[in-house]
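J.: following is a predicted model, sequence given first.
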Amino acid sequence: MLFTGDTLFNGSVGRTDLPGGSMDVLTRSIRERLAILPESTKVYPGHGPSSTIAIELGEVSYYTTHFYMLFAVGLMVFIITFIINLISDVVFHKHTKVQA
């Protein structure tokens, strides 16, 4: 029996976007501390339905990794597009003064 609080949920992991959160620390903790437990270990998160280590490790490795990879790629594309637009505005002087 394992009480995971806000670390591991049924089908998800805890948030890392809050102050002090770190996806690296969270995944390392899951890998080093939870993955070594027997697959039949019952998981009781801080809220939501219970699960088992076998079910959660399969879902965490797939959903979490792919979700955060896609999110990071999308964020990088957004930032690069923003910077390119900003630079092109400055270089091509798109901001013109309004004359009275």
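T.: Happy to help now that I have it. Everything numeric in this text was worked out from a predicted model, so none of it was measured.
J.: and the residue nearest the centre of the chain, how close does it get to residue 26?
T.: The residue lying closest to the centre of the chain (C-alpha atoms, centre = their mean) is residue 68, at 4.5 Å. Counting by C-beta to C-beta, to the nearest Å, the separation of residue 68 from residue 26 is 11 Å. Bear in mind the C-beta positions are built from the backbone N, C-alpha and C, glycine included.
J.: what's the helix or strand for the residue nearest to the centre of the chain?
T.: helix 65-91 (DSSP states H and E).
J.: ok, residue 68 - contacts?
T.: Residue 68 makes contact with residue 23, according to C-beta atoms under 8 Å, 6 or more residues apart in numbering.
J.: pLDDT value on it, please?
T.: On the pLDDT scale, residue 68 is placed at 73.
J.: cool, residue 43 as well?
T.: Looking at residue 43, its pLDDT is 94.
J.: list the contacts for the residue lying closest to it once chain neighbours are set aside?
T.: Excluding the flanking residues, the one nearest residue 43 by C-beta to C-beta, 6 or more residues apart in numbering is residue 51, at 4.8 Å. If a contact means C-beta under 8 Å, 6+ apart, then residue 51 has 10-11, 42-43, 45 as its contacts.
J.: dihedrals phi and psi, residue 51?
T.: Its backbone dihedrals place residue 51 at phi -160, psi -160, with angles given as degrees, to the nearest 10.
J.: grab the CA positions of the least confident helix or strand in the chain by mean pLDDT and hand them over as CSV.
T.: Sorting the helices and strands of the chain by mean pLDDT, DSSP states H and E puts helix 53-59 at the bottom, at a mean of 80. Provided in CSV are the C-alpha atoms of helix 53-59 (Å, rounded to 0.1, in the frame of the first residue of the first chain):
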residue,chain,number,x,y,z
ILE,A,53,2.2,0.7,-9.6
ALA,A,54,1.9,-1.5,-12.7
ILE,A,55,-0.9,0.6,-14.2
GLU,A,56,0.6,3.9,-13.3
LEU,A,57,4.1,3.3,-14.5
GLY,A,58,2.8,2.3,-17.9
GLU,A,59,0.6,5.4,-18.1
